[in-house]
Structure formats: C-alpha cells, structure tokens
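Quick check, what structure comes out for this input:
(2 chains)
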Amino acid sequence: MSLASVPAAALAAFFQTPVTQSLVHLSGVDIAIIAIYFAMVIYIGFYLKSASNTSEEFFMAGREMTAWIAGLSFVSANLGALELMGWASSAYQYGILATHWYWIGAIPAMLFLGIVMMPFYYVCKTHSVPGYLKLRYGDGARGLSAVCFAFMTVLMSGINMYSMALVMKVVLGWDLNFSIWVSSITVAIYVALGGLRSAIFNEVLQFLLIWLGALLIPIMGLIEAGGWTNLKHQIAARMGSTNYTHLWSTTAHFRDNPMGIHWTGLVFGLGIAISCGYWTTDFLVVQRVLSAHNLRAARMAPIIGAGFKMMVPFIVILPGLLALSVLPFHLVPQDVAVATGQHSFNEVLPLMLVRYCGPGLLGLGVTALIAGFMSGMAGNVSAFATVWTYDIYGAFLNKKASDSHYVSMGRWCTFIGVLISVGTAYLVQHAASIMDYVQALFSFFIAPLLGTVLLGMLWKRTTKAGGFWGLLTGTCTAIGLFLWVHLDPSALRYVALSPDAKAMAEDMYRALWSFLACVIVTVLVSLVTEPRPIAELEGLVYGASNVPKEHDDYWYQKPIVWASMIAVVFVVLNVIFW
Amino acid sequence: MRGHIQIWFFGGILLLTYGVLIAATGLWELAAPPAQEAVLWQLHAPIWWGGMMAAAGLFYTVRFRPR
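Numbering: from 1, shown residues only, chains lettered A, B, ... in the order given. Below is the predicted model:
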C-alpha cells in the first residue's frame, strides 16, 4: 500500500531523529554505484524524449506497454523505500501480522481490478480515473475528483521527497537540502522529458534494484538463523511468545495481538474498503495499467503485479523478523532511542543491510532505497501532470487547445508539480504534523471513491445524483469519524467496535463505514432519480457493454487462469502461516 | 515503440555494470580483507551475488540489444 498506509506515528517519530552519526559509511565503489544510477535515469529521460511528442505518448506512454512492463510498473509505483522501511519496522514490532498489508490488503483487490474492472477502464479509453467519472457521472464528479487527486498527489510527492531526504540524513548523514534538490531536479528532468514512459521505465529499473538490493538480507539472515523453523523458535524464546509468527490465529479479539486489530477489520476494512479503494481507483497505480498495449495486457498487468506483490514480504517482513532473532541488541521506540542513544525500530532495515553487506553491496542497497523514493515522486508527478492537463486544464480551462499545447502543458506541469512538492517538503520540515493530516486526508477519499466507481461500473441504475451524493456522504462520514476519535479518543470503542482497538483498527473500520455510507446513499438516491438511457452506458457499465472477446491460443494464456493460480497460492500462504 | 531500445536492455546494462563492480570488489576483498567484516563475510556474498547479477545482466544485454 502507499505511504498513506505506513504507520504514520512511527514514521513521524523517525523524522524527529537528531542526527549525531550516520548508520552507514559509503566507500568509493558505493558512491560509483549511486552515481551510475543517477546517470542512467537521466539518460533514459533524454533518450525517450523523442518518443513523447504527442499527448497520448507523453501521458499514456503511447499505450504500448506489455503486460510485464505495465505489471511491474503497477506494483513498483507502490513499492516506495519509505514503505519498505516502515513495514520492516512494523514487522519488528508486531511480527508477521504486518504481512496482511501485502496479502489480504493487496492481492484480492489487484485480481479484482484485472478480472472485473479493467475491461471497463480500458474499453472506454479513459485517460484517467476522473476521466471515467466524467463519462459515467458527468463533469461535476470529474472536477471534484480531479482537484482532490491533483492537490493530494503533489502533497504526497513532497512528503515522499522530504522523507527521502530525512532517511538519507539518518542513514548516510547527507544534508537535507542536497537530497531534496538533487532528487527533485533529477525526477523533474526525466519525467518532463520522457513523460509516463520514462517514469514507467525507471519504475521497472527500480523494481529490479529493490529486489537485488534487498534480497540478500533475508537469504543471509536465514542462513545465520539456521532456517525458518529455527527462526520461529528463536523469536519465541527471545520474545516469550509465539504470536509473532502467526497471521490469523491471534486476531479473534483485539487484545490478543499487539496491533489491536480484529479479523473482521482485516477482511472487510483492509481487504475490501481500503485495499480495493487504493488498488482500483487511485490513478497513480491505475495509470500504469492503462498504458498497456491491449485489453489482455491490461488485464494481465495487475495479475502479474499481484504475483510479485505476494513475494514482497520476503524482502520486507522477513528482515524485520530476522532482526528479532539475530541482532545482539533490542531496538526501541523512537523517543527512547533519542533519549538513550540506542537504535530505533525504524532503523531495522538499514541495520540489517549494514550487518550483511560490505562495500559494493551496500551501495546497491542504498541505491535501491534512493530509487524507491525517486520513483515514488515520479509516479506522483506524472499522475499529477496527467490529471491536471486532461481533467482540469483541458476539461475546464482550455478545451480547444492543440495536442502539442497539451504536451507542453504536461511538461511544464511536471516542473511546477516538482516545485510544489519541494515547497511541501520544506513546509513539512517545519511542521511534521502536516504529514499525518495529509495522509489522513488522502485516506478519506479512497474508500468512498471505491463505492462510487464500483456501483457506476456494475449497476446500470446508478444515477449522476446518486454518485455525487454517495461520494460526498462517504467522504463526510470518513472525515466525521476521524474528527470524532481525534477529539474524543474514547469514541474508538464505537468506531472500531472495541475499547481494545488500536489506531490501525480505527483506519480499517473508518474506511469500511465510509464505503458503506457511500454505497447506501448512492443506491437510495439512484432509486429515486432518473437513470441514464442504457445506450449512453455502452463501454462503461456491466451489462450495457460489449467487452471485446480475447482470443487466447491456449488455456494457460487466459488471465482468469493466472488469477486463479495467484488466488490459490494466496490462500495456501495464509493457511501455512495461520 | 518500434526501433527504440527496450527497457530490458537498460536493465541488462545496469545489472552487468553493477554485477562486475560488486564481484570485483568481492575479489579485491579476498586479497585485502576489510578492517570491519560484515556478518557471514566468509560466504563472500559480493562474489557470487555480483557474479549472478553480471551473468543475468549479460544475458539481458545481449538478448535485447538494439538491432
């Protein structure tokens, strides 16, 4: 999941770290590896400029991406370095429960996108998710969604940028201004030149780098621990509990697990409302799939992404668990670390990197972190440029400009988006709490938007008024519940159904209630308002569209076959680690 | 995008370059061990990890080279 889902309190604390000494000291070969990466991404930007001359090329990568490239980019756009560090930290604190955000919190939604929703997104040839809302619900829903998305996206990009600068400061001792400006200028150059194609190419490279840079940690860690079975025993002996290595068996009650969550929240809140909301309606990730060269590739891309997403816990969660066993000291909360000079939970991934990686490998690991941050920024900025140009500028401000004018606007937008992000980064530097609010704000729109898009795609009777009022009610419900708990923490017992619930449970149930509020109001208002004629819904709604038949030569080429295989592996993994 | 270099070629070049650099560093460390050795240093991870990266990079570079 995105930065929005990373434990905010833990990361916010990380940002207050006073840097006395860096964790890592780079050698010449490490610096060469980092420099080569920067040279490569800028070269790719210049190289792809000639292939980004039309708006379709610049904003949609020419719709020429194969299923593999779109799929890797789809999962990579979400695989930021801050997320890796945040969830490794969570794994150290809460054990294997953190894996839920990669499995139940991603896989079903990604498969649902590929099998059910993608045909409608793809067949209607929309350029964006707000673009789909325009086709289904009209300009009002499009404008509201586009403005919210554009605003939130540049803010998230700034937060990502600031986070990277801080991680580089803590891990490497680099100056904040240096990190912010070098990364932002690099991202601005390669996205402005090559557009979405350049962003996608770099996301694929980043995906390779993250795996190559991080995979050695679990491999070496398992060798040191003596295998998975020994690791489980060592963790149980050291922590005095076997709960750290069970996914579901401790979730029957909120107080039975350290996260304070319940299986109903995991399945319905995280697995449906949050996960589907993010993976199927957040344009940042959906844009990657829309760049596929045909419908089959567009359907296969999220399925391929799901396969890789399922493996990510191996390089994120397992290092956190290994640290519980192999580190000779205990990591502590950030405030304790600041007071005592010990290492904090948030440093678990860099600590494990330093433990096993000498010169060369260390440079590769640090490059993977930098690549993760930069592609996160690039993803935000490219999505911002698309939504601004197509859904705000082209839709409301200048409807009749030439294609080259829109491309030019997209390039300028990229620079402006980066500049706003830099401004946000400095703003957050002086008021770290802004980050928490921005993340919360982002989460307010995700679950209700899922209700709006889903009913729009699957129910012909949904009306324009139903969609608008449902979205508004769902968003207001999310904001209302957030404020209620914020002002009166005891209200958590009502929102999350238990006084033992903790912050993550609140997020799950808040998303669930706002999704349900959106669905109920959309249905009720639609039933009392005039529906659109069926003929106008062609290509937009299930039952009113002729989705082109895919002609696969062999049964094993069918997306449904691959999705079923991924689903089976998903179930088996959950049973194994029950 | 006909006629253009594929992403897999760029990936291959990057892997090949990194693999050679990392494996060479590992070999150098055999002759001049570092003052502070990483845990499990005796497994010489940079040599085999860098070697695998270089081999994979070489394959992708050749397979997807511009024609």
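
If you count neighbours, what's buried in the helix or strand encompassing A:L472?
Secondary structure assignment for A:L472, by DSSP states H and E: helix A:464-487. By neighbour count on 16 or more other C-beta atoms under 10 Å in any protein chain shown, the buried set for helix A:464-487 is A:464-479, A:481-482, A:485. Any C-beta I mention is one placed from the backbone N, CA and C, and that applies to glycine too.

Then stretch B:26-38?
Residues B:26, B:29, B:38 are the ones in stretch B:26-38 that count as buried (16+ other C-beta under 10 Å).

Touching, the last one and A:R355? I think so.
It refers to B:A38. Yes. Applying C-beta atoms under 8 Å, one finds B:A38 in contact with A:R355, separated by 6.7 Å.

Now for the residue in the stretch 301-450 of chain A that chain B sits nearest to, how many residues are close by?
Of all residues in the stretch 301-450 of chain A, A:G360 sits closest to chain B, at 3.7 Å by C-beta to the nearest C-beta. Residues near A:G360, counting by other C-beta atoms under 10 Å in any protein chain shown, number 28.

I'd like to check which residues are in contact with it.
By C-beta atoms under 8 Å, 6 or more residues apart in numbering or on different chains, A:G360 lies in contact with A:27, A:29-30, A:33, B:21-22, B:25-26, B:46, B:50.

Kindly report the same for A:T340.
A:V332.

For it, report the pLDDT, please.
Note for A:T340: predicted pLDDT of 84.

Show me where chain B dips below the pLDDT cut-off.
Applying pLDDT under 70 to chain B flags the ranges B:1-3.

Tell me the residues of it that contact chain A?
Residues of chain B lying near chain A by C-beta under 8 Å from any C-beta of the partner chain: B:1, B:4-5, B:7, B:10-11, B:13-15, B:17-18, B:21-22, B:25-26, B:29, B:34, B:37-41, B:43, B:45-46, B:49-50, B:53.

Please pick the buried ones from those residues.
For the residues of chain B next to chain A, a burial check counting by 16+ other C-beta under 10 Å picks out B:5, B:7, B:10-11, B:13-15, B:17-18, B:21-22, B:25-26, B:29, B:38-39, B:41, B:43, B:45-46, B:49-50, B:53.

In helices, which of those residues fall?
B:7, B:10-11, B:13-15, B:17-18, B:21-22, B:25-26, B:29, B:45-46, B:49-50, B:53 (DSSP state H).

Now do the strands in chain A.
Assigned by DSSP state E, chain A shows no strands.

do you know how far the nearest residue to A:L247 once chain neighbours are set aside is from A:N53?
Closest residue to A:L247 apart from its sequence neighbours, by C-beta to C-beta, 6 or more residues apart in numbering or on different chains: A:F577 at 4.5 Å. Between A:F577 and A:N53 the distance is 50 Å, computed by C-beta to C-beta, to the nearest Å.

Next: A:C148.
30 Å.

Same drill for the two, tell me which one is more crowded.
A:C148 (18 against 14).

give the contact list for that one.
Contacts of A:C148 (C-beta under 8 Å, 6+ apart): A:F445.

Also A:L524?
Going by C-beta under 8 Å, 6+ apart, the list of residues near A:L524 reads A:G466.

circling back to that earlier point, out of the buried residues of stretch B:26-38, who's nearest A:V381?
Closest approach between these and A:V381, by C-beta to C-beta: B:A38, at 36.6 Å.

And the closest one, how far from A:G213?
In terms of C-beta to C-beta, B:A38 sits 15 Å off from A:G213.

Same question for A:Y137.
From A:Y137 to A:G213 the distance is 43 Å (C-beta to C-beta).

Residue 55: neighbouring residues, count only.
As the question left the chain open, I've gone with chain A. For A:S55, using other C-beta under 10 Å, the count is 23.

other chain: chain B
Neighbour tally, B:A55, other C-beta under 10 Å: 14.

just A:R296 next, same as before
Around A:R296 there are 19 residues (other C-beta under 10 Å).

Leaving out chain neighbours, which residue sits closest to it?
Nearest one to A:R296, counting by C-beta to C-beta, 6+ apart, is A:E550 at 5.0 Å.

Mind pulling up the pLDDT for that neighbour?
For A:E550, pLDDT reads 73.

Next up, phi/psi of it, please.
phi -100, psi 140 (degrees, to the nearest 10).

so what's A:L450 up against?
Here A:L450 is in contact with A:273, A:276-277, A:280-281, A:515, A:518 (C-beta under 8 Å, 6+ apart).

In helices, which of those fall?
A:276-277, A:280-281, A:515, A:518.

Please consider this matter closed, and thank you.
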